[in-house]
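K.L.:
Build me a model from this:
(5 chains)
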Amino acid sequence: MDIATPAGLLIGFVLLIISVIMGGGVSGIAAFINIPSMMIVIGGTICATLVRYPLQRVTGVISLIMKTIFVKLSSPQVEMQNLIEYAKIARREGLLALENKIVDIKDTFLSKSIQLLVDGTDSDGLRSILEKEIENVRGRHSIGKGVLESMGTVAPAFGMMGTLIGLVLMLRELDDPSKIGVGMATALITTFYGVLLANLIFLPMSGKLDVRSKEETLLKELILEGVVSIQSGDNPSIVEEKLKGFLSPSQRKVKSIENLKETIRATK
Amino acid sequence: MDIATPAGLLIGFVLLIISVIMGGGVSGIAAFINIPSMMIVIGGTICATLVRYPLQRVTGVISLIMKTIFVKLSSPQVEMQNLIEYAKIARREGLLALENKIVDIKDTFLSKSIQLLVDGTDSDGLRSILEKEIENVRGRHSIGKGVLESMGTVAPAFGMMGTLIGLVLMLRELDDPSKIGVGMATALITTFYGVLLANLIFLPMSGKLDVRSKEETLLKELILEGVVSIQSGDNPSIVEEKLKGFLSPSQRKVKSIENLKETIRATK
Amino acid sequence: MDIATPAGLLIGFVLLIISVIMGGGVSGIAAFINIPSMMIVIGGTICATLVRYPLQRVTGVISLIMKTIFVKLSSPQVEMQNLIEYAKIARREGLLALENKIVDIKDTFLSKSIQLLVDGTDSDGLRSILEKEIENVRGRHSIGKGVLESMGTVAPAFGMMGTLIGLVLMLRELDDPSKIGVGMATALITTFYGVLLANLIFLPMSGKLDVRSKEETLLKELILEGVVSIQSGDNPSIVEEKLKGFLSPSQRKVKSIENLKETIRATK
Amino acid sequence: MDIATPAGLLIGFVLLIISVIMGGGVSGIAAFINIPSMMIVIGGTICATLVRYPLQRVTGVISLIMKTIFVKLSSPQVEMQNLIEYAKIARREGLLALENKIVDIKDTFLSKSIQLLVDGTDSDGLRSILEKEIENVRGRHSIGKGVLESMGTVAPAFGMMGTLIGLVLMLRELDDPSKIGVGMATALITTFYGVLLANLIFLPMSGKLDVRSKEETLLKELILEGVVSIQSGDNPSIVEEKLKGFLSPSQRKVKSIENLKETIRATK
Amino acid sequence: MDIATPAGLLIGFVLLIISVIMGGGVSGIAAFINIPSMMIVIGGTICATLVRYPLQRVTGVISLIMKTIFVKLSSPQVEMQNLIEYAKIARREGLLALENKIVDIKDTFLSKSIQLLVDGTDSDGLRSILEKEIENVRGRHSIGKGVLESMGTVAPAFGMMGTLIGLVLMLRELDDPSKIGVGMATALITTFYGVLLANLIFLPMSGKLDVRSKEETLLKELILEGVVSIQSGDNPSIVEEKLKGFLSPSQRKVKSIENLKETIRATK
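P.N.:
As a prediction, this is how the structure comes out:
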C-alpha cells in the first residue's frame, strides 16, 4: 500500500509531461519551467506556513512525509501471529523467557512493550506508558495533516498572486504585441504551479497522513491489547480472539460459519 | 430504484451530445474528443487518489459502483414476508425444519442467518456475528464514498490544470492567429471534462453510495431482528409487528386507524 | 406566509425580464430563450439527481413543493382554540361526544387524533401512533430538502458545462468574426440559467422546506400534546396553559405581567 | 460600541467613492449608478429571501438592524450598580419599597423584573418568566442572523446574473465597437453591487447581530440573576459577588490580589 | 519559534519583490504601488470589520498580534524547573519563604500565583482565581482569531471590488487604446492586494493566534497545577511527575524504559 503514494505522484507528473509534449512538442516543456513562478508559489506557501506554525512543526512535516512513503508498516496479521507466539512462550516458560526475543524485534514499539512485560511492569503501568506513546504518534500525524492542509489552501492563492504580478507587468507593455502571448503564458504558469502542488501533493498527502495515522495507531493498539493480555496470563487462543477484533473484515476472511461460532463461544 | 442511476448517467450524456450536435453539427462532437485532455483529467484524478488512499481501496470502488448499479436489493416487504413464513415453519415444525429452506435463499446474508439459526447459535452469538457483518457493509460503502468524494473534488482541479497547459502552449504561438481558436477550444475541453466527471459521475455516485448504504444496512438489520425474533420463539404475528418498524411509511401504508391500534396492542 | 414563496418567484422573474427589456429592448428577451441551454441545465441537473437519489424521491419533491406553496397551514392559535373547545366538550359530555366533531375537521392529522381519542386508545398508544406520523412528515421534508440542495449545487456546474460547450464550438469558427458575439452570448446563457435556477429556485426552496417542516411538525406536536391532555381529563384551562408553550412569543402576545404570573400559577 | 457599525458603513462607502473619483474624476461616479443593475441585485436578493423565509421574518430584519445600530445597550457595570442599590433598599425597607423605583427605570426588562419582585412572584416563577423573555431575544436575533446570512450568499449570485444579462445583450451588437466598452462596464457594475452589498452590509451585519445578541442576553441574564438574588434576601455584597461573574475581565479590572481573594472568601 | 512569524512575513514580501524585479525590472515595483487600491482593500476590510465587531475588539487585535510576535513565551521545561525549585524551598523552609522569590519572577502569572500561595489562599481559591485568569487569555485570543479570520475573508472581496471599479472606469474610455493596458494593470493590483493580505497576513496570523493560545494556556495550566501541588505539600519529585504530563513528547524525551517505569511508580 505504500507503493501507491510515490507511484501516484510519479505517474501524475509523467502524465502531465506527456500531455505537454503531445500539445507543444518537447520544447513545450521549457515553457513550464519558470524560476520566479516557482519562487512565488513554493516560497510563498512556505512563508505563509511559517507565519502560521512554529518552525519545528513545518520542518517536521518533511520527515513525516518521508516516513509515510518509505517506511512500510507491518501488517496486523503478522503482529497478531507474533503476539500469539509470545503468549505461547510466556505460558510455557514464563514472562522472563520473552527477554531473548527482544533483540529480534524490529518494531521499536513492540520491543519496548515486550521489555516492559519482562521487567514486570503491572498492567496499569503498561497501559499508561503505551497509550501515551500511541497518543504521540496520533498527535504528530495530526499536526502534519494540519500543516499540509494549510499549504494546500495557500498554494493556489500564491499561484493566483504570481499570475496577477505577471499580468500587471505584461499589461504595462501592451504596445509590443509580440510580448503579450509570452507574458500571459508566463503569468498563467504560476497559477498552474499552485493548483498542481495543492491537488497532487499537499491535499492528497494530508489525506494520506490521516489514513496512515489510523493504520499505525490501530497496529499499536493491537500490540498494546496483546501485551496486556499476555501479562494477565491469557492462553494463546484467548489472545488470538481478543486481537481478531482489530483486523478489518477482508484481513479476517472468516471462511466458514462454524469458524465464526467457535469464535463466539471462545470469547464467552 | 436501481434503474435511476444508469438511466441518469445515460440520459445525461445523451443530452450533452444532442446539445453539442444542435450547436455545432455532428462534426462538433469530434471537437470534444481529446486524448491528452482525458489523460490529464482521468489520469490525474486517479493519481491524486492513489497518493491519498491505499491501492486496494481505489480499486475496490469500481466493484462497489458496479454492485450498486447492477445488483438489485431485495425489498424490505419481501424479506419481511419471508421471515414471517420462516417464523411459521419454525413454530410448526421447529427451527431445524428451516434447513430445507436455505438452499432456496439467494440473499447470502439471509441464508447465513438461517444457517446460524438451524445450528442452534444462541441469540447473543447471532447478534454479534450478524452485526459484525452489517458493520462491514457500512464500512465498505463509507470508504467508497470517501474515495469518490475526493475524486469529485480533484477532477475539476485537474481539468483547470489541463486548460492552463493548453493556454500556455497556445499563447506561445500567438503570431499564428488561425491557431488561437482551436488552441483555446482544446484547452477549455479539459475543464469541461473535469466539471462533467465531478458533477455527473463522482459526486452523485458518492451520494448514491450513501443512500444505498442506508438501504442495505436497514434491510440486513430487518433480517437480523427477524431471525433473533424467530429464535426466541415469537409467534409469526409478533415477528411481523417487530419488523414493521423497519418499513418506511409509504411501504407500510397503514390503511385504517383500526389497523394501527391493533399494532399498538400487539406490541405490548 | 405562503404567499411569499410564489410572490418571490414571480417578482424575481419579472424583475429579470424588465431589466433585460431596459437593457436590450423587448427583442432582447429572445436572446435569453435557448433550447439547448435549457436542455443542458435542467436536463443535466435532473440526471445528476437521478444518479444520486432513487426515482421516487426525485418525483416526490415536486409534489412536496406544490404542497408547500399551495396548501396553507392552519395557525397554532386556531388549533389551540379548537383543542380547548374539544376539551370543554369532553369534560361536559365525555370523550365519545367528540365523535360528532370529526366530520367537520379538515386537518387529517387532527381528525385522526380525535378518532383515536374517541376509540379509547390509551395515552401511550396515542403518543406512539401520532409521533410516528410526525416523524414521517419530518422525514419527507428532510429528503426533499436534500434533493433540492443537491440540485442547487449541481445546476451552476451544468450551466458552466453548457458555456464551455458553447465556447468550444464557437472558438472553432473564429474566422467568421460576425458569429463570435452571438456564439459567446449563447454560451453565457447556460451559465445564467444555472445560477438563476440555483439561487432563485433550488436553494431558497430547500431553505423553505426547512422552515415549513419546522412549522408543520410544531403544529402537529401541539395537536398531539392537546389530545393527550384532553384524554387525561385535564380541564380546558390546563389544556390552554400546556399548549401556550408551542406559540411563538409574537403569537402569544402576553399583554400584562399579571397574565404571565397567572400562567405560572396555573402550570404548577 | 454602537458607533462602529454606522461609522464602518459610512467610511466604507466614502472610501469607495473617493477611490472612484481618484480613478475617473467626479464624472466617474455616474458610471456606478445604474438602475437596472440595482433592480436585479437588490430586488433579486429580496425575492430569493422571500421564497425562503415567511414575509414577517424578512420585514422584521429591518427593524432589528435599526435597533442594533441606534439603540444603545446599557453597560453591565451600570446594571450591576443598579441591582446592588435595589438590594440595599430591599434589605433596609423590604421588597415593596422597590415599587417607587420602577417608574424611573428605562430598561423594560429591568422594570418588568422589579415589578415581578414587588408582586411577590416566587423565585421559580421569576426565573421561568424572565428566561422565556431572554429566549425570545435570542430567537429574534438568530432569525435575523439567518436572513442576513442568506442575503449575503445570494447577493453576489444575482450580481453575477446581472453581469451575464449585460454581457449577453452587449455581445449581440458586437458590430458597433463603440458600444462594447460601455456595455461591459454596465454589465460589471451589477457584480460590483452584489459583492459590495454582501461584504460591507449583509455578512458583517449578520455577524454584528450575533455579537449584539450575546451582549444583550448576557445583560438580561445578569439582571435575572440579580433579581433572584435580591428576592432570596441576599445582602448587597453577596449580590455584587454573584453579578461580577457576568463582567468581562476588562470590565472587572481586578486591581490587586487582595481584592481577588476577598471575592473568593465572599462567595463561599 | 517566535522568529518564524516575522521571518515568514519578511521573506514572503522579499520573495514577491524579487519576482517582480525579475519580471519587470526595478521600475516594475512602482507598478505595484497604488494608493486608491490600498485605500479600497485596507480601508474596506477595516470598515467591514468595524461594522461587525465593536471598536475595542478591532483595535485590541493589533496589540495582540504585536504581543504574539514580540513577546517570547517561557518554555514549559523552564517553568517546571522553577516550580520544582519552589517546591524544594517550600518543603525546607515553609511556604512563606517563597516571598523573597517573587521579586525575581518576570512572568506576571507565575508571580501572582506565588503571591497567592504565600498569602495562604486555600487550594479552591487558588484554582478559581488562576483558572479565571487562564480563561481570560483564551477569550482574548479567540476574539482576535475571529477578527483576523473575518478580515481574511473580506479582504479578497474588497480586492475584487477595487478591480471592478478599475475595469468599469477603464472600459468607459476604450477609444484610447494606449490607456487600456495601464488601466487593467491598475485594476488587477487591487485583487492582488486583497489576496496577498488574506493569505500572507490575516489567515496565517489567525492560525498563529490559535497555536499560540494553546501554548500559552498550557504553560499557565502547568503553573496552576504546580502551585496547587506545592500548596498541598507534595514533595518536589511528585511535583515533577505531575507537571511532566504537560510537556510534549519531544520536550520530555524519555531516554530509557527504566525512566518511564519509575514515573509510573511515582505517580501511584
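K.L.:
Leaving out chain neighbours, which residue sits closest to the residue of the stretch 101-250 of chain A at minimum distance from chain E?
P.N.:
Across the stretch 101-250 of chain A, the shortest distance to chain E (C-beta to the nearest C-beta) belongs to residue A:174, at 3.3 Å. All C-beta spots, glycine's among them, are computed from the backbone N, C-alpha and C. Spatially, and ignoring its direct neighbours in sequence, residue A:174 is nearest to residue E:181 (3.3 Å; C-beta to C-beta, 6 or more residues apart in numbering or on different chains).
K.L.:
element containing that neighbour?
P.N.:
Using DSSP states H and E, residue E:181 sits in helix E:178-196.
K.L.:
swap in residue A:59?
P.N.:
Using DSSP H and E, residue A:59 falls in helix A:55-70.
K.L.:
anything in that helix sitting right up against chain E?
P.N.:
Yes: contact of helix A:55-70 with chain E (C-beta under 8 Å from any C-beta of the partner chain) involves A:55, A:56, A:58.
K.L.:
Please indicate which of those has the highest neighbour count?
P.N.:
residue A:58 (20 neighbours; other C-beta atoms under 10 Å in any protein chain shown).
K.L.:
Packing partners of whichever strand or helix holds residue A:51?
P.N.:
Using DSSP H and E, residue A:51 sits within helix A:44-52. Counting contacts by 3 or more C-beta pairs under 8 Å, 6 or more residues apart in numbering or on different chains; DSSP states H and E, helix A:44-52 packs against helix A:55-70, helix A:123-171, helix E:4-24, helix E:203-231.
K.L.:
rank these by pLDDT, which is bottom?
P.N.:
Out of the helices and strands packed on helix A:44-52, helix A:55-70 stands lowest, with a mean of 85 (criterion: mean pLDDT).
K.L.:
Now the next helix or strand after that helix: buried residues?
P.N.:
For helix A:55-70, the following helix or strand on the C-terminal side (DSSP H and E) is helix A:76-93. Neighbour-count burial for helix A:76-93, counted by 16 or more other C-beta atoms under 10 Å in any protein chain shown, picks out A:76, A:79, A:80, A:82, A:83, A:84, A:86, A:87, A:89, A:90, A:91.
K.L.:
tell me which element the residue of chain A most remote from its centre falls in.
P.N.:
Here the centre of chain A is the reference, and by C-alpha atoms, centre = their mean the most remote residue is residue A:175, at 51.6 Å. When secondary structure is defined by DSSP H and E, residue A:175 falls outside every helix and strand.
K.L.:
and the nearest residue to it once chain neighbours are set aside, how many neighbours?
P.N.:
Spatially, and ignoring its direct neighbours in sequence, residue A:175 is nearest to residue E:178 (7.3 Å; C-beta to C-beta, 6+ apart). Residue E:178: 9 surrounding residues under other C-beta under 10 Å.
K.L.:
how close does residue E:178 sit to residue E:33?
P.N.:
Shown here: residue E:178 relative to residue E:33, a distance of 21 Å by C-beta to C-beta, to the nearest Å.
K.L.:
Residue A:98 too?
P.N.:
Relative to residue E:33, and taking C-beta to C-beta, residue A:98 is found at 72 Å.
K.L.:
Looking at these two, which one has more neighbours?
P.N.:
Between residue A:98 and residue E:33, residue A:98 has the larger neighbour count (other C-beta under 10 Å), namely 21 against 9.
K.L.:
isn't the more buried one right next to residue A:86, touching?
P.N.:
Yes: counting by C-beta atoms under 8 Å, residue A:86 is a contact partner of residue A:98 at 5.7 Å.
K.L.:
how much space between residue A:195 and residue E:165?
P.N.:
28 Å.
K.L.:
Give me the neighbour count for residue A:205.
P.N.:
Neighbour tally, residue A:205, other C-beta under 10 Å: 27.
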